[in-house]
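Engineer: Turn this into a structure:
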Amino acid sequence: MNMKMMIYSDLEIFLCVCLYHYLKVLFEMSKSTHIVPFVLGAAAALAIVSSGSLVSLIQRLWGRNKRDEKKASFEALVGDTPLVRLNCLSDMLGCEVYGKAEFLNPGGSVKDRVALSIVKSVIQEGSKKRIYEGSSGSTGISLTMASNAYGLECVVFMPDDQAKEKRDLITALGGTVQLVRPMSIVDPQHMCKAAEKAAQEDSLGIYANQFENKLNFKTHYESTGLEILEQTNRRVNVFVASAGTGGTVAGVAARLKVELGRRNVRVILADPQGSALANRINGGVLFNVKDKEGHRVKHPFDTVTEGIGLNRLTDNFRIGVPFIDKAFTVTDEEAVQMSRFLLRKEGLFLGSSSAVNCACIVKAFKAGLIKKGDCVVTILCDSGNRHVSKFWNPEYLSPLGLDYGFTDQSPLEFIQ
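Structural biologist: Residues are numbered from 1 along each chain as shown. Purely as a prediction, here's the structure:
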C-alpha cells in the first residue's frame with residue numbers, strides 16, 4: 001500500500017466541488033416529491049464518505065488553503081513531514097512499518113511543532129520578548145529558530161552532559177545557553193526550575209514550560225495525529241513512540257484512539273533504560289529499580305540516549321496514559337545497534353530516540369503485540385547530526401562497553 005502523502009489533481013478537486021453542488025441540488029429536490037434521485041444520490045455520497053477518501057480530500061483542501069496563507073518562513077516549513085516505509089523492518093516482520101520523518105522539519109526535529117505553537121502564543125499575548133526554557137537540546141534549538149522568525153529572544157538552560165553540538169547549534173542560531181548540572185526535578189538548580197526562575201526575574205521574559213504546557217499535547221493532537229491518519233488513509237494498527245515531555249505520544253495516541261476507536265489501534269510506549277515510564281504503564285507505579293538509593297550513577301537516569309525517558313509524570317504524559325496500551329524498555333545496546341542497522345540498511349542517519357522507537361517495534365513484534373500484516377507507524381524524531389559526539393561516537397561508547405560497530409545480526413537476534 002502506498003503511504004505517501006496524498007496529492008490530488010485539479011480534476012479530483014473539480015469533481016469534489018461538483019459533488020458538493022450536486023448534493024445541494026439533491027437536498028432542494030428532496031423538499032419536493034422527487035425523493036428517489038435524492039435517495040440514490042445520498043446513498044452514493046455516503047459510500048464515498050465512508051471510504052474516507054472524500055473526508056481526506058476535504059481535509060487536504062482545507063490544509064492547502066491554510067498553507068497558501070503568507071507565513072513566516074519557519075512556520076511555513078513546519079509539519080506535513082513525509083511518512084516513509086522502513087523496508088528492512090517491514091520485510092523482516094511481514095508488516096508495513098512507517099516512520100514519520102520529523103527530522104525534516106526546519107529545526108531538524110519533532111520539537112519544531114510545539115516550539116512554533118509556544119512562540120505564536122507568546123506573540124499573541126504581546127508583552128513578552130524573551131522565552132526561557134529547560135531543554136536537553138532539541139526543543140531549545142526549535143525555540144531559538146521559531147523565536148528568530150518572530151523577533152523574540154531565546155534563553156535555554158541545558159544540562160552540561162548533553163551532546164556539545166546541541167549547545168553549539170543554539171549559540172550559532174543566536175540563542176543563549178546556560179549550562180546547569182543534571183539534577184533531580186525537585187532541585188532548584190534543575191534546568192526547568194532554573195529557567196522558570198530566570199523568566200520570573202525578567203519583566204520581559206516568559207517560561208515556555210514544554211513539559212507541563214498543554215499546548216504540547218494539543219499541537220500533536222491537531223497536527224501530527226491528523227497527518228498520520230491522512231497519510232495512512234486511516235489504516236493504522238499500531239503506533240509506537242517514546243516520551244520526552246510526553247506531548248507527542250499523548251497527542252497522537254489520543255487522536256488515533258478517538259478517530260479509529262480504542263480497540264482498533266494499539267499504542268506502545270518505547271522507553272529507554274533507566275526511565276520509570278514503562279513501569280507506570282505496565283504496572284501502574286512510577287518506579288524503576290535503578291531508583292533505589294545508591295544505584296544511580298547520574299541524573300535523571302543512566303542512558304546514552306538523550307531527550308527521552310522520565311522519572312516523573314508530566315501533565316502532557318498524564319493525559320496520554322489512558323491511551324497507551326503497553327510499554328517496552330529498550331536498552332542502550334539495542335538502541336545503538338538498531339541505529340547502525342538503519343544506517344546500513346536504509347541509509348538513514350538517526351538520533352537515539354528514533355533508534356529506541358524502531359527497536360521497540362521489534363520488541364512488540366516478538367511479544368505478539370504487532371502481528372504480520374499490521375500497519376505500524378513510529379516517529380523518526382531527529383537525525384544523528386546532533387548526536388555525533390556521544391551516541392555516534394565510538395570513543396564515547398567504547399568505555400561504556402557498548403558495541404558501536406555494524407553487526408551482521410538481524411534485529412530479531414540482537415533485540416530481546
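Engineer: ok, which stretches of the stretch 251-400 of the chain are helices?
Structural biologist: With DSSP state H, counting those that start in this stretch as the criterion, the stretch 251-400 of the chain has helices at 277-283, 315-320, 332-346, 352-366, 394-397.
Engineer: of all those helices, which lies closest to residue 140?
Structural biologist: helix 352-366 (15.3 Å; CB to CB). Backbone N, C-alpha and C define where each C-beta goes, glycine included.
Engineer: Would you mind giving the helices of the stretch 251-400 of the chain as a markdown table with distance to residue 72, mean neighbour count and mean pLDDT added?
Structural biologist: As requested, these are exported to a markdown table (distance: least, CB to CB, whole Å; neighbours: other CB atoms under 10 Å; pLDDT from 0 to 100):
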| stretch | distance to residue 72 | mean neighbour count | mean pLDDT |
| --- | --- | --- | --- |
| helix 277-283 | 34 | 20 | 96 |
| helix 315-320 | 25 | 22 | 97 |
| helix 332-346 | 33 | 21 | 96 |
| helix 352-366 | 27 | 28 | 98 |
| helix 394-397 | 37 | 13 | 94 |
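Engineer: Between those, which one is closest to residue 379.
Structural biologist: Proximity to residue 379 (CB to CB) singles out helix 352-366 among the helices of the stretch 251-400 of the chain, at 6.0 Å.
Engineer: quick one, what contacts residue 257?
Structural biologist: Going by CB atoms under 8 Å, 6 or more residues apart in numbering, residue 257 touches 265, 267, 323.
Engineer: Quick test: name the residue nearest the centre of the chain.
Structural biologist: residue 248 (4.3 Å; CA atoms, centre = their mean).
Engineer: For my notes, confirm that residue occurs in a helix.
Structural biologist: Yes - according to DSSP: H, G, I helix; E, B strand; the rest coil, the state of residue 248 is that of a helix.
Engineer: these two touch, right, residue 374 and residue 96?
Structural biologist: Yes - here residue 374 lies in contact with residue 96, judged by CB atoms under 8 Å, at a distance of 7.2 Å.
Engineer: quick one: residue 231 and residue 83 touch, right?
Structural biologist: Yes - taking CB under 8 Å as the definition, residue 231 is a contact partner of residue 83 at 4.3 Å.
Engineer: The two: which is more packed in?
Structural biologist: Counted by other CB atoms under 10 Å, residue 231 and residue 83 do not tie: residue 231 has more neighbours, with 22 against 18.
Engineer: Could you check how far the more buried one is from residue 95?
Structural biologist: 16 Å (CB to CB, to the nearest Å).
Engineer: Check residue 408 too.
Structural biologist: Residue 408 is 23 Å from residue 95, by CB to CB.
Engineer: More neighbours: the two, which one.
Structural biologist: Neighbour count, other CB under 10 Å: between residue 408 and residue 95, residue 95 has more, with 21 against 6.
Engineer: ok, now how distant is the residue lying closest to the more buried one once chain neighbours are set aside from residue 361?
Structural biologist: Nearest residue to residue 95, sequence neighbours excluded (CB to CB, 6 or more residues apart in numbering): residue 374, at 4.8 Å. When distance is defined by CB to CB, residue 374 is 10 Å away from residue 361.
Engineer: intersection of neighbour lists for the two?
Structural biologist: residue 238.
Engineer: Look at the closest residue to residue 72 other than its chain neighbours and say how many residues are nearby.
Structural biologist: Nearest-residue entry for residue 72: residue 149, 4.1 Å, with adjacent residues in sequence omitted and distances by CB to CB, 6+ apart. Using other CB under 10 Å, residue 149 has 19 neighbouring residues.
Engineer: From residue 330, how far out is the residue nearest to the centre of the chain?
Structural biologist: 16 Å.
Engineer: Same check on residue 113?
Structural biologist: For residue 113, the distance to residue 330 - CB to CB - is 24 Å.
Engineer: So which of these two has more stuff around it?
Structural biologist: Between residue 113 and residue 330, residue 330 has the larger neighbour count (other CB under 10 Å), namely 30 against 26.
Engineer: Show me what the one helix or strand residue 412 maps to is in contact with.
Structural biologist: According to DSSP states H and E, residue 412 maps onto helix 411-414. Contacting residues not belonging to helix 411-414 are listed as 89, 92, 333-334, 337-338, 341, 359, 362, 366, 407 [CB under 8 Å, 6+ apart].
Engineer: With stretch 382-402 instead?
Structural biologist: Under CB under 8 Å, 6+ apart, the answer for stretch 382-402 is 102-103, 108-110, 137-138, 141, 163-166, 169, 304-307, 332-333, 336, 339, 343, 349-354, 404-405.
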